[in-house]
Structures are given as C-alpha cells and as structure tokens.
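# Got a predicted model here, sequence first, then my questions.
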Amino acid sequence: MRVRTKDETVRLSAAELGLGPGEAGGEGLGARATLVQFSSAFCQPCRATRRVLAEVAEMVDGVAHVEIDAEEQLELVRRLEILRTPTVLVLDAAGRVVRRAVGQPRRADVIAALGAAVGG
C-alpha cells in the first residue's frame, strides 16, 4: 500500500526510511527537504549519484541526503514502485514526494528539484 495524501502525493516518514527522528546529517528527514536515493551494490551510476546528492545536500541548509540499499529494503521498493537504480525521490519538509527521477541526475537538475520542494 502506498501512503498518499489527499492530493494523491506519496508521503514518507523518517521511520519508513529507516531513519531516526532527527533532521539533516543522516539522522532523519531534512528540515527543508530530503534527497532519497535508492541504490544497488554494483550500480556505477549510483556512486556518481551519491556524490552529486551529497554535494548538493552540503551546499543547501536544511537538506538531508539518504541512501537506501534497494536490495535490503524490498518492501519499500515495491511499495514505491522503484524499478531501476539509481532512483531519486525529492521530499519536502513534510515528507511528501515532490519530484522523482531515474538515472544519474545533473547537479543543476537536483538544485531545481529542491527549489520545488522548499518553495512549493
């Protein structure tokens, strides 16, 4: 079952992502936005995606980067219909998925997606 809000957007909590209750810094959802990356062990683009997302999260206050091993979180992967890695979800401060992308993102695209998350 996918968790959806009234407007049909998917919403995730820190607990669903296997995180603690804190904010940015790996302990929970970011205060302003969260970049959630689904990866797999032998995925080359996942490594580059990790670097880009970590870089952007460091540049923008209140943004956290969370990497999830798709092979270890199969229930969540199925529920969110993750079909390929890397898949990146951009969550707003409330945990709503505002953007979704498959494949290695460009830094400019990540920054633009964050604009939608923190501004929208």
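Received it, and whenever you're ready, just let me know what you need.
# State the number of residues packed around V66.
Neighbour count for V66, taken as other CB atoms under 10 Å: 22. Quick note: C-beta positions are derived from backbone N, CA and C, even for glycine.
# I meant V52, not that one.
V52: 20 surrounding residues under other CB under 10 Å.
# what do you get for V56?
Counted with other CB under 10 Å, V56 comes out at 21.
# packing partners for the helix or strand containing V52?
For V52, the host element (DSSP states H and E) is helix 44-59. Helix 44-59 sits against strand 33-39, strand 63-69, helix 107-119, with contacts defined as 3 or more CB pairs under 8 Å, 6 or more residues apart in numbering; DSSP states H and E.
# Retrieve the pLDDT associated with the spatially most central residue of the chain.
The centroid of the chain falls nearest to V36 when counting by CA atoms, centre = their mean (1.6 Å). For V36, the model assigns a pLDDT of 96.
# just the one 4 residues further on next, same as before
Looking at S40, its pLDDT stands at 95.
# With that, I have no additional questions.
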